[in-house]
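Undergrad: dropping the sequence and predicted coords here.
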Amino acid sequence: MALHQSGEDYLEAILVLRQQNGIVRSIDVAQHLGYSKPSVSRAVSILKNSGYLTMEKDGRLELTEMGEERAQLVYERHRFLSEWLVKLGVPPEIAAEDACRIEHDLSPETFACLKRHVAEHLS
């Protein structure tokens with residue numbers, strides 16, 4: 001199933017919050033992304049129905065295997081692009097914002113070429 005930018009942002013946020021806190025609930029995602037609780041609730045429902053995450057009885061959000069793979073992919077792109085933009089001289093805050101926009105639109109082929117180029121020329 002196609003996943004839009006906002007869905008990828010939610011999965012990435014759940015991954016990051018899990019790495020930071022161990023446990024993730026909808027309220028954590030709302031605070032992290034600056035979204036309302038009803039918006040997060042709707043997104044969680046869509047992501048659950050699409051097979052990207054589950055919600056445990058205690059309210060914990062857990063990524064499924066498919067959700068984990070997608071979240072890791074998006075987060076890898078975000079980290080790589082942020083670091084690369086900072087190395088180019090972009091201030092860290094702007095680099096993170098720009099990386100968030102770029103990470104969703106790059107083809108896998110272009111991303112692989114960027115990673116290869118950076119590894120060969122800038123490491």
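TA: Perfect, I can see it now. Numbers count the residues shown, from 1 in each chain.
Undergrad: which stretches of the chain form helices?
TA: Counting by DSSP state H, the chain has helices at residues 5-21, 26-33, 37-49, 65-87, 92-102, 108-121.
Undergrad: dump those helices into TSV; add mean pLDDT as well.
TA: Formatted as TSV, the helices of the chain follow (pLDDT from 0 to 100):
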stretch	mean pLDDT
helix 5-21	94
helix 26-33	95
helix 37-49	95
helix 65-87	95
helix 92-102	93
helix 108-121	91
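Undergrad: format the ones you listed as JSON lines; extra columns: distance to residue 59.
TA: C-betas here are computed from N, CA, C, even on glycine. Listed next are the helices of the chain as JSON lines, based on distance: least, Cβ to Cβ, whole Å:
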{"stretch": "helix 5-21", "distance to residue 59": "13"}
{"stretch": "helix 26-33", "distance to residue 59": "7"}
{"stretch": "helix 37-49", "distance to residue 59": "10"}
{"stretch": "helix 65-87", "distance to residue 59": "17"}
{"stretch": "helix 92-102", "distance to residue 59": "26"}
{"stretch": "helix 108-121", "distance to residue 59": "34"}
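Undergrad: any chance of those in TSV, with mean neighbour count too?
TA: As requested, those are arranged in TSV below (neighbours: other Cβ atoms under 10 Å):
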stretch	mean neighbour count
helix 5-21	19
helix 26-33	18
helix 37-49	16
helix 65-87	17
helix 92-102	14
helix 108-121	11
